[in-house]
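Need the 3D shape of this:
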Amino acid sequence: MSTQPSKELDTFPNPNPQRDYTIRIDVPEFTCICPKTGQPDFAQFKIEYVADEKCVELKSLKLYMWSYREEGAFHEAVTNKILEDLATATAPRFMRLTGVWNVRGGIYTTVVVEHRQAGWVPAPKVDLA
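I've put the predicted structure just below:
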């Protein structure tokens, strides 16, 4: 079992590919380095996706997120890169990644990026009273 950071994202077959359902994952302890100051940046990532044929395996996701710990990255760039890597690995019907960054210089940043599979249309939302 590896306990080292890794850029490899493992997947497993979606157990219910016939159905649209939402998978939500919270990553509360993301860390990277500010490319301007070299100081640590901290964020919480929220992943929401509708899987097609594959789901992301959580231990590999943990090691993947850990791999950014010593890398310099702007908030916008790293949020988009993570979404790109997750979408490439899983080919989801839909994926949204929200990066909620801790305060830096008195400013909070939230970056929201999305991926949609060509031709995928979500079912209408159902609200039960």
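
pLDDT at R104, what is it?
Looking at R104, its pLDDT is 82.

Tell me how many other residues crowd it.
Neighbours of R104 under the rule other CB atoms under 10 Å: 15. From N, CA and C alone the C-beta is placed, and that goes for glycine too.

and it, what does it touch?
Counting by CB atoms under 8 Å, 6 or more residues apart in numbering, R104 touches 34, 41.

residues of the helix ranked longest in the chain that come out buried?
Longest helix of the chain, by residue count under DSSP state H: helix 75-90. In terms of neighbour count (16 or more other CB atoms under 10 Å), helix 75-90 has its buried residues at 75, 78-79, 82-83, 86-87, 89-90.

Just give me how far it sits from the chain centre.
7 Å (CA atoms, centre = their mean, to the nearest Å).

Please shift the residue numbers so they start at 452 in all later answers.
Fine by me, first position is 452 from now on; the one you just mentioned is helix 526-541.

Give the partner strands of whichever helix or strand comes after it in its sheet and their orientations.
Using DSSP states H and E, the next helix or strand after helix 526-541 towards the C-terminus is strand 545-555. Paired neighbours of strand 545-555 in the sheet (DSSP bridges): strand 491-501 (antiparallel), strand 558-567 (antiparallel).

Okay, now the unreliable bits of this structure?
For the chain, the stretches with pLDDT under 70 are 452-453.

How about the secondary structure of D477?
strand (DSSP: H, G, I helix; E, B strand; the rest coil).

wait, it sits on F496?
Yes: with contact defined as CB atoms under 8 Å, D477 and F496 form a contacting pair (7.5 Å).

In terms of neighbours, single out the busier of the two.
F496 (22 against 10).

Next up, the contacts around the spatially closest residue to that one that is not a sequence neighbour.
Of all residues not flanking F496 in the chain, V478 sits nearest, at 4.1 Å (CB to CB, 6 or more residues apart in numbering). Each residue near V478 by CB under 8 Å, 6+ apart is listed here: 495-498, 512-513, 516.

right, and out of those residues, which lies closest to G557?
Distances from G557 to the contacts of V478, taken as CB to CB, are shortest for Q495 (18.7 Å).

That's all I had, so thanks and see you.
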